[in-house]
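[1] structure here, sequence nowhere to be found:
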């Protein structure tokens, strides 16, 4: 029988181990189908700090989530062996060293046939994860949900930050550019041509305003059809949501997605060859009621529910 989250009928949800969904903790990925990993880091962020507390708060709020997806029929814990692998021991004082540490951690993790699901942390963490993912799977497709494209060349002279992730990933051949979708982009830019270059690379852009007052189910169906059977990764920045819904983030932008749109989008990706996922940029100091982390934890559960091998009742 695969690991099960501790039931709220056996132990109060405000008690127990602080693991994601109160799953068992594990020190190794051996025997796991899915490993939840925290990366408590915010020194790659350019505006508001605090995402170093994201993994802890996501775990705390995940205690409210029950194992079965009543709306969808998803039953991830009936088939997938899941556990919480704890946090990567990053270097609090050195971003470049932290990136090295994360890459080496995921290189070791991916020696096993496990799907990593990562709790961030600022968006810088996705670059070292993709470096490891690409070593195992080759260039991957990407569904990147975010208010920002994160394709700057440099930030204050640094080439590896939360705003440069997907330019570096493209340059390093970690992505299959025609299978990259960046969804929810909005706000102001530095130049009128901010998005032109990644479009030339082959990236598909869906601006937030194109989705206002619309279902995202048709978009998910289009992505699914065009993504094909190749490996793909999901990177979900919580700032893709409108700040009225998710205020606890480092770089909020008005006019964002709603939670029903987020759920429709993720649920529509079921059946794709998902080899990893992350949820980034939850900043608890700006989330006094915990709603942003609660939303993020539920989005993590939805991504878990569309992984290969999840049965639906």
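    That came in fine, so what should we check first? Please read all numbers here as calculations on a predicted model, not as lab measurements. Numbers count the residues shown, from 1 in each chain.

[2] name the element residue 275 belongs to?
    According to DSSP states H and E, residue 275 maps onto strand 273-280.

[3] how far away is the closest residue to residue 91 other than its chain neighbours from residue 246?
    Spatial nearest neighbour of residue 91, chain neighbours left out: residue 97 (4.2 Å); criterion: C-beta to C-beta, 6 or more residues apart in numbering. Where you see a C-beta, it was placed from the backbone N, CA and C, and this is true even at glycine. Look at residue 97 and residue 246: by C-beta to C-beta, to the nearest Å, they are 30 Å apart.

[4] then residue 54?
    Counting by C-beta to C-beta, the gap from residue 54 to residue 246 is 12 Å.

[5] overlap in contacts, these two.
    residue 296 (C-beta atoms under 8 Å, 6 or more residues apart in numbering).

[6] who has more neighbours out of those two?
    Legend: neighbour count by other C-beta atoms under 10 Å for residue 54 and residue 246, higher for residue 54 (32 against 29).

[7] give me the pLDDT for residue 172.
    pLDDT, residue 172: 97.

[8] ok, residue 204 next?
    Per-residue pLDDT puts residue 204 at 97.

[9] show me what contacts it?
    178, 180, 181, 182, 226.

[10] nearest to residue 101 among the residues you listed?
    Among the contacts of residue 204, residue 180 lies closest to residue 101 (C-beta to C-beta), at 26.3 Å.

[11] quick one: distance of stretch 106-116 to the chain centre.
    Here stretch 106-116 is found 16 Å from its chain centre; the criterion is C-alpha atoms, centre = their mean, to the nearest Å.

[12] what lies in contact with stretch 183-198?
    The contact list for stretch 183-198 (C-beta under 8 Å, 6+ apart) reads 143-149, 151, 166-167, 170, 182, 205-209, 211, 219, 240, 253-257, 265.

[13] give the burial count for the residue lying closest to residue 286 once chain neighbours are set aside, as a bare number.
    The spatially closest residue to residue 286, leaving aside those adjacent along the chain, is residue 248, at 4.4 Å (C-beta to C-beta, 6+ apart). Residue 248: 30 surrounding residues under other C-beta under 10 Å.

[14] which one is residue 95 nearest to, not counting chain neighbours?
    Distances taken as C-beta to C-beta, 6+ apart place residue 43 nearest to residue 95, at 5.1 Å, with adjacent residues excluded.

[15] tell me, how many residues neighbour that neighbour?
    Applying other C-beta under 10 Å, we find 18 residues neighbouring residue 43.

[16] mind starting the numbering at 17 from now?
    Sure, I'll start counting at 17 from here, so that last one is residue 59.

[17] in this structure it contacts residue 114, no?
    Yes: the pair residue 59 and residue 114 passes the contact test of C-beta atoms under 8 Å, sitting 7.3 Å apart.

[18] and the nearest residue to residue 147 once chain neighbours are set aside, what's its pLDDT?
    Nearest non-adjacent residue to residue 147, counting by C-beta to C-beta, 6+ apart: residue 119, 5.2 Å away. pLDDT for residue 119: 98.

[19] tell me which two in the contacts of residue 220 are the farthest apart.
    Spatially, the most separated pair among the contacts of residue 220 is 198 and 242, at 13.9 Å (C-beta to C-beta).

[20] which one's more surrounded, these two?
    More neighbours surround residue 198 than the other of residue 198 and residue 242, with 25 against 12 (other C-beta under 10 Å).

[21] OK, contacts around that one?
    If you count contacts by C-beta under 8 Å, 6+ apart, residue 198 has them with 160, 162, 165, 182, 214, 219, 220, 221, 222.

[22] quick one: it from residue 128, how far?
    From residue 198 to residue 128 the distance is 30 Å (C-beta to C-beta).
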